Structure formats: C-alpha cells, structure tokens
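Chemist: quick one: sequence and predicted model below, then my questions.
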Amino acid sequence: MRVKDNLSLRKIADEYIMIADVGDHLDYTKAIGLNETAVYLIESVQGKEFDAELWAKLLTERYEVSHEEALADVAKLIDKLREVGILE
C-alpha cells in the first residue's frame, strides 16, 4: 500500500489533522485526527510502498511494545486511513 501524495498535514494543539487536497481546495470530508506516532509512521513511508509489517517494525524499534501489540495498533490505523481515503 501507499500513502497518497495529495495530503495536507496540520498541527492543532497536541493533535495533527490530515486532510486530502482536491485540486485547489481541501476536502474536509476526508480528514482524520492523528497523534505523533501515526504521523511518524506516515512520514516514514511517504512516497514509498509499505506494508503493516514495516510499520510494526518501526513501532517496536522506537517504542517498548511487542510485535503483536504493534501489529494490532497498525491494523487499526490502516483501517482508519482507508476509511478516509488516505491510502492507495
């Protein structure tokens, strides 16, 4: 899978909002709130193909979390990103 290129990332207080760019405007119906960890994962694969295993590996390298827990968290994030059309 791949993160779409036409995205705008904004930080508001302690949360990030990712919104799809549609031509000359932002489509707020395709927006999602993200924490710093999700932004780290998305930015780590921007412009590249990736899979859930890669994201789980990145989480286990950066945080004290088991591989199984990382995979479960990644699966939830992928589902949310797919729902708003951020992944190809």
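Modeler: Happy to help now that I have it.
Chemist: middle-most residue in this structure, spatially?
Modeler: residue 42 (4.2 Å; CA atoms, centre = their mean).
Chemist: who's in contact with it?
Modeler: By CB atoms under 8 Å, 6 or more residues apart in numbering, the contact list for residue 42 reads 3, 18, 34, 81, 86. Where you see a C-beta, it was placed from the backbone N, CA and C, and this is true even at glycine.
Chemist: could you list which of the residues you listed belong to helices?
Modeler: residue 81 (DSSP state H).
Chemist: in TSV: the contacts of residue 42, plus distance to residue 70, neighbour count and pLDDT.
Modeler: Compiled in TSV, the contacts of residue 42 are given as follows (distance: CB to CB, whole Å; neighbours: other CB atoms under 10 Å; pLDDT from 0 to 100):
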residue	distance to residue 70	neighbour count	pLDDT
3	18	20	90
18	21	21	87
34	17	20	92
81	16	20	91
86	20	21	85
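Chemist: nearest to residue 46 among the contacts of residue 42?
Modeler: residue 3 (5.8 Å; CB to CB).
Chemist: contacts only, for the closest one.
Modeler: Residue 3 neighbours (CB under 8 Å, 6+ apart): 42, 45-47, 50, 81, 86-88.
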